[in-house]
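Peer 1: Kindly return the folded structure for what I paste below:
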Amino acid sequence: MIFWGWMLTDIIACDVLIVGGGPAGLSVASHLGDDVHSIVVHQDAEIGLPVRTSGGTWQRDMQALGIPPEMYRVIDQLDFFSDNAEARFAVKDDKMAVMDVTAVYRHLASLSDGKRSELMTGAKFLSCIEQEDGQFLSQIRSRDRGNFNILSRMVIDASGWQCAVLESLGLGQKPQRTGVGIEYEFLRGDFEPNRAVLFVGSSALTGYGWIFPTPDNRLRLGIGVINPDTDLTPRQVMDAFEASGQAARYGIEIPEDYETNAGIIPSEPYDPELVFGNVVRTGDAANFATPTVGEGIRIAVEYGRLLGTEVTAHLGGDDKALGRYEAAARREFQRDYKFGFMVNKRIAGYSPERWDKSVARLGRLSEQEMTALVRSRFNLRTMARTIWLNFKAKVSG
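Peer 2: Residues are numbered from 1 along each chain as shown. Prediction:
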């Protein structure tokens, strides 16, 4: 039998197809009802490998989400550097954390144990067609079984920046502006186990760099840039950083042997449209990562879980369920992310000299103001002050 050019000799049926086995997709699956049959297709051969994110997050969010404490390292010293300025914070209240990304992802996958959820690794989503009866026929390519098809009542796009489902159905497209990062991972050595560093300026123009200690006594040194705001690749920027000797200033020595991680996140304004009938997007496919530093795992887990609950209600006949998910995200992100993206666009064009001034100003903030900025949480006073400082800087040249 042939349908739209596809050979339908191998069809698997389910209630919900989830495209993407990252934190968003795994969290949707874990919070679907026990009677909902879901299939998660994940392009990589393993969950959590290769590592595509730095793992930066916040302790209170890890606790609220029930992530085991051995899977993250708590940070109580956060230092910011530009070429000629620095701001150091001994964090007492809202502490940052760095995840063991692979362990956390596998923990999230284990939460679906005992459910009617199938996880297919090494399986690439190729395309999707909506049927006349409203169901969706998706073509999948697997390393083990070749091409096959999945027929589902709903499709969840948790494919990250690729927005694979939305693109296939003509409902959206990949972001035109992205944050692209490279990261070296190696033994921590003498670097303080509970200290993290963020650096900006000539070492990472249009983006920023980070130094994060992991729970397993390793160190992640990373640099991210914004494309197409720069023509440089993260590798070129990292090579220049190594040659500059700045690593010693931050208290690290880059060894000859290290593992390399890389990743891409969207860097575009938040779009509140998340629901397209029985197709819903979440995680990076929904631009949930914070616009200031691109942090998104905790958000992907929280809203993935909410989506799983509301998808279950929707399949049970609740016509307002998916609207509740969309509205909850809009309330959480729309205002702060709109302002945060304005800040993101502005600072992506900063010169090293402008960064020096900004880091010096950052050092005058309280701990609470600093963490709110990094978390993309902006009250009216913060927004007014930021707009005024940007206006002053523009007027003064």
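Peer 1: shaky segments in the stretch 1-150 of the chain?
Peer 2: 1-9 (pLDDT under 70).
Peer 1: Now do the same for the nearest residue to residue 260 once chain neighbours are set aside: helix, strand or coil?
Peer 2: Here the nearest residue to residue 260 in space, its sequence neighbours aside, is residue 184; by C-beta to C-beta, 6 or more residues apart in numbering that works out to 6.2 Å. No exception for glycine: its C-beta is placed from N, CA and C like everyone else's. Secondary structure, DSSP: H, G, I helix; E, B strand; the rest coil: residue 184 is strand.
Peer 1: distance of residue 184 from residue 314?
Peer 2: 44 Å (C-beta to C-beta, to the nearest Å).
Peer 1: who's more crowded, those two?
Peer 2: Each of residue 184 and residue 314 has its neighbours counted (other C-beta atoms under 10 Å); residue 314 has more, 23 against 19.
Peer 1: Remind me which helix or strand the more buried one belongs to.
Peer 2: Secondary-structure assignment from DSSP states H and E places residue 314 in helix 297-315.
Peer 1: mind listing what's buried in that helix?
Peer 2: 297-315 (16 or more other C-beta atoms under 10 Å).
Peer 1: same check, this time on stretch 244-252
Peer 2: 246-247, 250, 252.
Peer 1: now, which of those residues sits nearest residue 189?
Peer 2: Proximity of those to residue 189 was ranked by C-beta to C-beta; the top entry is residue 252 with 7.5 Å.
Peer 1: Work out which residue lies at the spatial centre of this structure.
Peer 2: Per C-alpha atoms, centre = their mean, the C-alpha nearest to the average position across the chain is that of residue 296, at 3.6 Å.
Peer 1: Quick one: distance of stretch 11-31 to the chain centre.
Peer 2: 17 Å (C-alpha atoms, centre = their mean, to the nearest Å).
Peer 1: Verify the stated contact: the residue nearest to residue 260 with residue 212.
Peer 2: No - Residue 184 is not in contact with residue 212 according to C-beta atoms under 8 Å; the separation is 11.3 Å.
Peer 1: immediately after the longest helix along the chain, which helix or strand?
Peer 2: When the chain is scanned for its longest helix (criterion: DSSP state H), the result is helix 321-348. Moving toward the C-terminus from helix 321-348, the next helix or strand (DSSP H and E) is helix 352-362.
Peer 1: What residues of that next one count as buried?
Peer 2: 354-359, 362.
Peer 1: Repeat that for stretch 158-176.
Peer 2: Within stretch 158-176, judged by 16+ other C-beta under 10 Å, the buried ones are 158-169, 171-172, 174-175.
Peer 1: what's the answer for stretch 361-373, then?
Peer 2: For stretch 361-373, a neighbour-count test (16+ other C-beta under 10 Å) marks 362, 370-373 as buried.
Peer 1: ok, those vs residue 217, which is closest?
Peer 2: Among the buried residues of stretch 361-373, and counting by C-beta to C-beta, the member closest to residue 217 is residue 371, at 25.4 Å.
Peer 1: What lies in contact with the host helix or strand of the closest one?
Peer 2: Per DSSP H and E, residue 371 falls inside helix 367-374. Defining contact as C-beta atoms under 8 Å, 6 or more residues apart in numbering, one finds that helix 367-374 is touched by 58, 78, 87, 89-94, 96, 290, 292-293, 295, 362, 365, 378-379, 382.
Peer 1: And the helices in the stretch 51-200 of the chain?
Peer 2: 59-64, 101-110, 164-169 (DSSP state H, counting those that start in this stretch).
Peer 1: Could you list the paired strands of the longest strand seen in the chain along with their orientation?
Peer 2: Looking across the chain with DSSP state E, the single longest strand is strand 146-157. As defined by DSSP bridges, the strand partners of strand 146-157 come to strand 11-19 (parallel), strand 136-142 (antiparallel), strand 279-281 (parallel).
Peer 1: Just want the angle from the longest one to helix 297-315.
Peer 2: Here the directions of strand 11-19 and helix 297-315 differ by 140 degrees (axes from the mean of the first three to the mean of the last three C-alpha atoms, to 10 degrees).
Peer 1: Pull out the buried positions in strand 11-19.
Peer 2: 12, 14-19.
Peer 1: what's the closest of the residues you listed to residue 329?
Peer 2: Closest to residue 329, out of all of the buried residues of strand 11-19 and judged by C-beta to C-beta, is residue 18, at 17.4 Å.
Peer 1: looking at it, that closest one is touching residue 25, isn't it?
Peer 2: Yes - the pair residue 18 / residue 25 is scored as a contact, 4.6 Å apart, by C-beta under 8 Å.
Peer 1: shared neighbours of these two, anything?
Peer 2: 40, 156, 158.
Peer 1: coming back round to it: just the buried residues out of the contacts of helix 367-374, in PyMOL syntax.
Peer 2: Buried residues within the contacts of helix 367-374, by 16+ other C-beta under 10 Å, are selected in PyMOL with:
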select buried, resi 58+78+87+89+91+94+96+290+292+293+295+362+378+382
